[in-house]
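> Here is the input, now give the coordinates:
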Amino acid sequence: MAEPIDPALRGEVEAWIADDPDPRTAAELTAMLSSNDLAGIKKCFSGFLEFGTAGLRGRMGPGPSQMNRAVVTRTAAGIARYMKDRGLTSVVIGRDARHGSEAFARDSAEIFAGAGIEVYLLPRQLPTPVLAFTLRDLQLDLAVMVTASHNPPEDNGYKVYLGGKVDGIGYHGSQIIAPADRQIFDEIKSIPTIKDLPRGNQWTILDESVIRRYVHSAARLATKAREITVVYTALHGVGTETLRSVFHAAGFAEPILVSEQAEPDPDFPTVAFPNPEEKGAIDLALERARDFDADLVIANDPDADRCAAAITENRSGQWRMLRGDEVGILLGNHIAEMLSPEARMRAIFANSIVSSSALAKVAHHFGLRFTETLTGFKWLAKVEGLTFGYEEALGYCVDSASVNDKDGISAALMITDLAARLKEEGSSLSEYLDGIWRRIGYHATKQVSLRFDDLSLIPPLMETLRAQPPQEIDVTGSQEASPMRYRFHSLDDLAQPRDGLPPTEGLRLWYEREGSVNSNDKIRMIIRPSGTEPKLKCYIEVVGDIDEGEIIERIATASGDFISKFLTEALG
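Numbering: from 1, shown residues only. Got it, this is the predicted structure:
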């Protein structure tokens, strides 16, 4: 016999049903009560969906623990209270094409309008960078983007940006950080009921002019129009229309579209995960590139704030997707080359701690300032006067004065501009990247992720690593010569930082090659819980001479295999 539902829990569910503005999710909960579905009820009522520095993100479904109209309405009401307390009076709302996005945007508009806030809506489903641009372009106080970015089809989310200076922090159109996230969450939890919240119906639907301004702002980043054949996929997201407009405005030929993935589709039918980083996600694009003998493949994630690129290797002629770090180094070197001597004096480059150490070396070569931040564009965007910033997870900011966030559209144009210039010169992105490696050393990076169904397993695993990090990484077999081992050297606890960065949960481990006298012969390994997904992520970097590039790549792969096995065994 099924365990009965506790009367207190039943009362909580019934109260939520009575307050739910969506008849569909209310009916789902009612059916769970009727069938005594305790497991289903507990999944829906395991606490209010956490509001953090990424806003909200979670699986669609009924109850306070999932994404639905009741949760979004409470969230909008909490944000409205936060705004009113600080004299913030205007908001712009954007949305992608995921299930529920249109309803979430409308509920938010009604709640903000009902609270007396001036509300602007983007006219249709559009990329996140357009929303971030609009916040700054119209000089508004706050922006909300309804999106779950590259998450699975059953998820949705709610991302929040602030326009100016709030509580002493300069946001300049960037994502919220602490303490704003906690202050907003406190306001959300203080909303007793949503049925009686005032709802308005007065807002402004923005016209095409703001979108045109974004398009022309991005298009000016290209140096000049050149001939190049590009294959593009939006991965069923909202990037196609805007990217085509930007390419046209910059004078580039129409990209060849992966037609099966060009139009928005919230079910993402051709990919297992709508993330360019996932294995197989850009296979259709690569197939199209081979068919058309293309020069470059570009992929955006569903809300087009991330950008991936694929090229043919000079040595093998085979197509391969560039790592996020490689795109970051290509863009950084390209931007540094284009800066005037006066601009170089003012310029500052930045990347996140989990990204490659190579950008710092590029910046040093050109005499530019460089800084490192915690993971996430919410931190990179706080670097004053940022000239170029990136994180290895395919996020690039190439024009912070226009979009103070990662922008997959402008990054796509800039990598295309570089590829076209090199093609005109009889070179390629592959040769250009090799030239950078010859100057600063070859940097191989590898990411390993462990997905968790039970997040409670992550904290004790991190404590185990703190107390007993692996003392040796044996990468024997990663080259044909003698055995190769890397010995543990040191550990940086990112929760107790010594480099001036804010504390964050994570560990940075250093290993040195046994018997080597080369000070660069190291493995850097960073292990941290993901901030947006139920994962533990491991970031590996191995540095060496470009002539040993293949060996270094194999060492990075072997290191990833080693730490994956170590963590799996530690979990039992």
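> Please enumerate the strands of the stretch 201-350 of the chain.
Counting by DSSP state E, counting those that start in this stretch, one finds strands in the stretch 201-350 of the chain at the ranges 204-205, 230-233, 256-257, 296-300, 307-312, 319-321, 348-352.
> Kindly apply the preceding question to the stretch 351-500 of the chain instead.
369-373, 388-391, 395-397, 442-451, 472-474, 485-493.
> quick one: the third one to chain centroid distance?
To tie it back to what came earlier, the one meant is strand 395-397. Between the centre of strand 395-397 and the centre of its chain there are 9 Å (C-alpha atoms, centre = their mean, to the nearest Å).
> Can you list the helices and strands that that strand packs against?
If you count contacts as 3 or more C-beta pairs under 8 Å, 6 or more residues apart in numbering; DSSP states H and E, strand 395-397 packs onto helix 324-338, helix 377-380, strand 388-391. C-betas here are computed from N, CA, C, even on glycine.
> Spit out the contact partners of Glu392.
Taking C-beta atoms under 8 Å, 6 or more residues apart in numbering, we find Glu392 in contact with Arg323, Gly324, Asp325, Gly328, Asn351, Ser352, Val354, Ser355, Ser356, Thr445, Gln447, Tyr539.
> So what does the last one look like in phi/psi?
Spelled out, it's Tyr539. Recorded main-chain torsions at Tyr539 are phi -110, psi 120, according to degrees, to the nearest 10.
> ok, back up a step: any chance of JSON lines for the strands of the stretch 201-350 of the chain, columns distance to Ile415 and mean pLDDT?
Shown next, in JSON lines, are those (distance: least, C-beta to C-beta, whole Å; pLDDT from 0 to 100):
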{"stretch": "strand 204-205", "distance to Ile415": "33", "mean pLDDT": "98"}
{"stretch": "strand 230-233", "distance to Ile415": "10", "mean pLDDT": "98"}
{"stretch": "strand 256-257", "distance to Ile415": "16", "mean pLDDT": "98"}
{"stretch": "strand 296-300", "distance to Ile415": "7", "mean pLDDT": "98"}
{"stretch": "strand 307-312", "distance to Ile415": "5", "mean pLDDT": "97"}
{"stretch": "strand 319-321", "distance to Ile415": "13", "mean pLDDT": "95"}
{"stretch": "strand 348-352", "distance to Ile415": "16", "mean pLDDT": "97"}
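> Can you add mean neighbour count and give the ones you listed back as TSV?
Listed next are the strands of the stretch 201-350 of the chain as TSV, based on neighbours: other C-beta atoms under 10 Å:
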stretch	mean neighbour count
strand 204-205	11
strand 230-233	27
strand 256-257	18
strand 296-300	28
strand 307-312	25
strand 319-321	17
strand 348-352	24
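> Quick one: closest of those strands to Thr147.
strand 296-300 (12.5 Å; C-beta to C-beta).
> Pairing partners for the closest one, with directions?
When pairing is defined by DSSP bridges, strand 296-300 lines up against strand 230-233 (parallel), strand 307-312 (antiparallel).
> now that strand, how far from the chain's geometric center?
Centroid separation between strand 296-300 and its chain, computed with C-alpha atoms, centre = their mean, is 16 Å.
> Can you list the neighbours in contact with that strand?
127, 228-235, 237, 239, 243, 255, 276, 281-282, 285-286, 289, 306-311, 319, 321, 408-409, 412, 415-416, 419, 429.
> Go through the contacts of Glu392 and say which is closest to Ile191.
Distances from Ile191 to the contacts of Glu392, taken as C-beta to C-beta, are shortest for Ser352 (33.9 Å).
> show me what contacts that closest one?
Glu372, Thr373, Leu374, Thr375, Gly376, Trp379, Leu380, Glu391, Glu392.
> One more: Met525?
Arg508, Leu509, Trp510, Tyr511, Cys538, Tyr539, Ile540, Glu541, Ser559, Ile563.
> what's the answer for Lys522, then?
Neighbour list for Lys522: Tyr486, His489, Trp510, Tyr511, Glu512, Arg513, Val542, Val543 [criterion: C-beta under 8 Å, 6+ apart].
> ok, which stretches of the stretch 401-550 of the chain are helices?
408-424, 429-440, 458-467, 549-570 (DSSP state H, counting those that start in this stretch).
> mind putting the contacts of Glu392 in CSV, distance to Thr147 included?
Shown next, in CSV, are these (distance: C-beta to C-beta, whole Å):
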residue, distance to Thr147
Arg323, 24
Gly324, 20
Asp325, 25
Gly328, 23
Asn351, 23
Ser352, 21
Val354, 22
Ser355, 23
Ser356, 27
Thr445, 27
Gln447, 23
Tyr539, 25
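> Where is pLDDT lowest across those residues?
Lowest pLDDT among the contacts of Glu392: Gln447, with 91.
> Any regions of the chain where pLDDT drops low?
Counting by pLDDT under 70, the low-confidence segments of the chain come to 1-2, 314-315, 477-483, 517-520, 532.
> With distance to Gly94 as new columns, can the strands of the stretch 201-350 of the chain be given to me in TSV?
Shown next, in TSV, are those (distance: least, C-beta to C-beta, whole Å):
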stretch	distance to Gly94
strand 204-205	12
strand 230-233	21
strand 256-257	23
strand 296-300	15
strand 307-312	19
strand 319-321	28
strand 348-352	24
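> closest one to Ser34 among those?
For the strands of the stretch 201-350 of the chain, proximity to Ser34 was assessed by C-beta to C-beta; strand 204-205 is nearest, at 41.2 Å.
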